[in-house]
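# Okay, here's the prediction I keep looking at, along with the sequence it came from:
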Amino acid sequence: MRTPIHIRFAGYSPPDTAHSRAAARFRDELTARLGSSVRVDLFWNVFDFGYKGMDLTNMVESGQLTMCYSSTGYGLSDLIPELRIIDLPFFFDSVEHAHRALDGELGAYLTHRIESRKGCRIIGYWDNGFRHISNRLRPIRTPEDCAGLRIRLMPNEIHKKTFELLGAAPFPMNLERGIAMMASGELDAQENPLANTSAYGIHKFHEYITMTGHFYAARAIYAHKQSFDSWPEEIQAAVRESIKEAILYQREIAQAEEIKKRGELEGAGIAFVDLTAEERSRFENAVSPIVEEARGQLPKELFRLADRR
């Protein structure tokens with residue numbers, strides 16, 4: 001009798017979030033397909049074990065974990081410059097546009113680049129939605145309103161340059177440290193999808209959320225390359241099919257969660273600012289040098305693939 005394949009799957013979200021619920025859907029789908037020949041252990045939030053979100057891909061690459069999800073913006077763009085296309089401000093005009101790109105030729109291109117430089121397989125891309133600015137000081141409607149704003153960002157050079165162009169004072173750091181500094185008043189602001197702002201309790205320190213949607217956030221699903229490649233073809237196929245089901249589920253509940261979280265945050269007293277088309281255009285124009293610079297640095301093929309509708 002074959003020893004069951006043991007999959008250790010980790011993330012960095014509380015168990016009631018779309019990402020953790022999708023991880024559970026993957027476990028259940030795979031177990032339904034393979035029965036006792038597989039065992040999946042889920043670790044909802046590596047913060048609880050003293051790790052950072054950006055540690056996850058290295059933990060998978062080393063074999064400490066079998067699978068994980070992690071933001072494509074977490075430190076990989078230095079190793080894989082092509083990933084910067086996902087980080088560009090105001091690049092995707094809707095979640096549908098982003099999904100088509102990542103499920104299509106752009107996603108295949110990026111997957112190949114990641115797999116050629118990391119000891120991982122990429123099984124797909126989950127949705128982390130668009131990022132919005134929350135802060136404790138004032139409603140933000142213009143780039144000028146960002147002047148001097150001490151804002152926590154994930155460690156990402158494009159994100160940092162974007163907020164420098166907006167006149168803010170960016171502080172790239174891991175989320176746990178950022179939350180502590182927001183709680184103490186050392187930082188004024190942060191940017192995240194609404195689900196994250198709510199799930200990590202950041203809204204408790206802020207009065208305003210501006211629906212800028214300035215960055216789209218994707219979370220790739222990684223598998224330890226040596227383990228995945230050693231599995232029989234039917235196991236590999238079952239993992240890929242189960243992840244496909246989990247992706248569809250995750251994206252569906254993520255969009256519903258965005259609507260739900262806005263209602264909850266408004267109920268908690270948060271004032272929302274919805275930008276007009278003209279106001280949004282001012283933000284886009286202010287950070288357009290970053291996009292133009294990327295067009296000169298990254299392969300033109302990337303932009304052609306991303307622009308396909």
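Looks like it came in fine.
# can you tell me the helix or strand for residue 213?
Assessed by DSSP states H and E, residue 213 sits outside every helix and strand.
# how close does the closest residue in space to it that isn't next to it in sequence get to residue 110?
Of all residues not flanking residue 213 in the chain, residue 130 sits nearest, at 3.7 Å (CB to CB, 6 or more residues apart in numbering). All C-beta spots, glycine's among them, are computed from the backbone N, C-alpha and C. Note on residue 130: its distance to residue 110, by CB to CB, to the nearest Å, is 19 Å.
# what helices or strands is the longest helix seen in the chain leaning on?
Across the chain, the longest stretch assigned as helix under DSSP state H is helix 233-267. If contacts are counted by 3 or more CB pairs under 8 Å, 6 or more residues apart in numbering; DSSP states H and E, helix 233-267 sits against helix 18-34, helix 95-103, strand 120-130, helix 194-199, strand 216-224, strand 271-273.
# returning to what we had before: and the residue nearest to residue 213, bridged to which residues?
Residue 130 has these beta-bridge partners by DSSP bridges: residue 216.
# Could you double-check that it lies in contact with residue 193?
Yes: Residue 130 is within contact range of residue 193, at 6.5 Å (criterion: CB atoms under 8 Å).
# Residues that sit against both of the two, list them.
residue 217 (CB atoms under 8 Å, 6 or more residues apart in numbering).
# where are the low-confidence patches of this protein?
Along the chain, the model assigns pLDDT under 70 to residues 1, 75, 308-309.
# Okay, domains of it per the record?
5-130+217-260, 132-214+262-307 (automatic domain parsing).
# Most tightly packed of those domains?
Highest mean neighbour count among those (mean count of other CB atoms under 10 Å): domain 5-130+217-260, with a mean of 19.
# measure it end to end?
37 Å (CA to CA, to the nearest Å).
# and what of stretch 28-48?
23 Å.
# Return the distance of it from the chain's centre.
Taking CA atoms, centre = their mean, to the nearest Å, one finds stretch 28-48 lying 21 Å from the centre of the chain it belongs to.
# contact partners of it?
Taking contacts as CB under 8 Å, 6+ apart, the residues outside stretch 28-48 that touch it are 2, 4-15, 20, 23-24, 26-27, 49, 52-53, 55-56, 65, 175-176, 235, 238-239, 241-242, 245-246.
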